[in-house]
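Trainee: I need the structure of the sequence given here:
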Amino acid sequence: MAHTKRFGGVIPILVTPFTDSGQVDMSGQLRVIDHLWANGATNGFGVFGNAGEGYTLLPDERRALLDATVRRVDGRAPVIVGVGATGTRAAVESCRMAEGQGADGLMVLPPYYLRPDGEGLMFFYGKISDAVSIPIMVQDAPMLSGVPMPPALLARLGKEVENVQYVKVEAPPTAPKISAVVEAAGDSLTLLGGLNGQFMIEEWERGAVGTMPASDMTWVFCSIWRAMESGDLESAWNTFQRALPLIRFELQPGLGVSAVKQNLVHFGVLDCAAVRHPTRTLDAAGLRELKALRSVVGPVWRSCP
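Mentor: Below you'll find the model as predicted:
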C-alpha cells in the first residue's frame, strides 16, 4: 500500500535527554517534543539521528523512546526513525521493528564498517524495502559513514528500489549535490538537507523540499523556511545570517550536541545537558562562547514559555 504522508519543511532531529547519572530522561524527551511543536515543528520529527545520539542508545532504550515519541506525537506529524546498523540483516530487522512501533519513515545510513560498492548498496536498500511498507530516506552523509554515493547511484536507488523515496543530502558541497541528484533522478526522489541547515537556502533554491536540523533553533529555522516559501528571500537571509554563528558553532564534530542540550537547558526545556561518551561536553570556555552566541542570535530566537 502506498504511503500517503509526504516529508518536507523543517523536521528537527530530537535530542535524547539524559540524567546526571546517564539514564534516559523520558519526561525530558516529551518536553522536547512539546517545545518543538510549539515552536513550529509541525512537519515532523527525526528520532535517533546523529544530533540525537542514536549511536549511544541501547536497543531497549530505542524501543521505549520510540514508543513514547509516537504516543506523544499522536499522528499530528510524521516520525522518521534513524537507522545506522552496519549489517544488512540487522538493518532490516531494525527497520521492521520501527515500522511496527509506528514510524512513518526510515532514515537509513549505508553500512559503514565494511563499505559496500554500488551493487552492494542496491542490495542493502533493496532488502530493507522488501521488508517494510513505509518510505526510506537514504542518508547521504559520507563525512559520517565514509560511504560516497554519487548522484547516478542515488537516482538508481530511487528508480529501482520501491520504497526509497527520499535522500537527505549531507555530502558537501551540498547545494551542487542537490542539483546533480535532481538532474539524475527527476521526480523519482525527494531531497532534504541536513548539517544543521548551514546551506538550507541554497539547497531550497536548487530543489530541496526540507531540512533536518538540531532541536534548539526550530523557531529560527521555521522562520527562514516560511520566508523562503513566501518569496521573501531578503528576510530569509537576514534571519539566517543572524543565526549563522550559532549554526556554525553547533557543527563542531562531537561538540554540537552538547551545545544544543545546553541551549535547551537555558530555555527550561531540559533539566540536564548530559551527553553520553563518545559525545563530548563543552568546557568552561565553550560554555562562555555559547552564551555569547545566544545573545547574538537574540531577537530572531523565540523559546517556548
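
Trainee: give me every residue that touches residue 281.
Mentor: 258, 273, 274, 275 (C-beta atoms under 8 Å, 6 or more residues apart in numbering). Placement of C-beta: from N, CA and C, glycine included.

Trainee: where in the stretch 51-200 of the chain is pLDDT low?
Mentor: Across the stretch 51-200 of the chain, not a single residue meets the criterion (pLDDT under 70).

Trainee: Let me know whether residue 41 touches residue 219 as I believe.
Mentor: No. In this structure, residue 41 sits apart from residue 219 without contact. The criterion is C-beta atoms under 8 Å, and the distance is 9.1 Å.

Trainee: Which one's more surrounded, those two?
Mentor: With other C-beta atoms under 10 Å as the criterion, residue 41 and residue 219 differ in neighbour count, and residue 41 comes out ahead with 24 against 21.

Trainee: How much space separates that one from residue 138?
Mentor: Taking C-beta to C-beta, to the nearest Å as the measure, residue 41 falls 23 Å from residue 138.

Trainee: repeat for residue 27
Mentor: To residue 138, residue 27 is 33 Å away according to C-beta to C-beta.

Trainee: cool, residue 288 as well?
Mentor: Following C-beta to C-beta, the distance that separates residue 288 from residue 138 is 39 Å.

Trainee: Likewise for residue 7?
Mentor: Between residue 7 and residue 138 the computed distance is 13 Å (C-beta to C-beta).

Trainee: Name the residues contacting each of the two.
Mentor: What both residue 7 and residue 138 touch, as defined by C-beta under 8 Å, 6+ apart, is the set residue 166.

Trainee: Residue 269: helix or strand, and which one exactly?
Mentor: Assigned by DSSP states H and E, residue 269 belongs to neither a helix nor a strand.

Trainee: so how far is residue 37 from it?
Mentor: Applying C-beta to C-beta, the value for residue 269 to residue 37 is 12 Å.

Trainee: Right, I'll leave it there.
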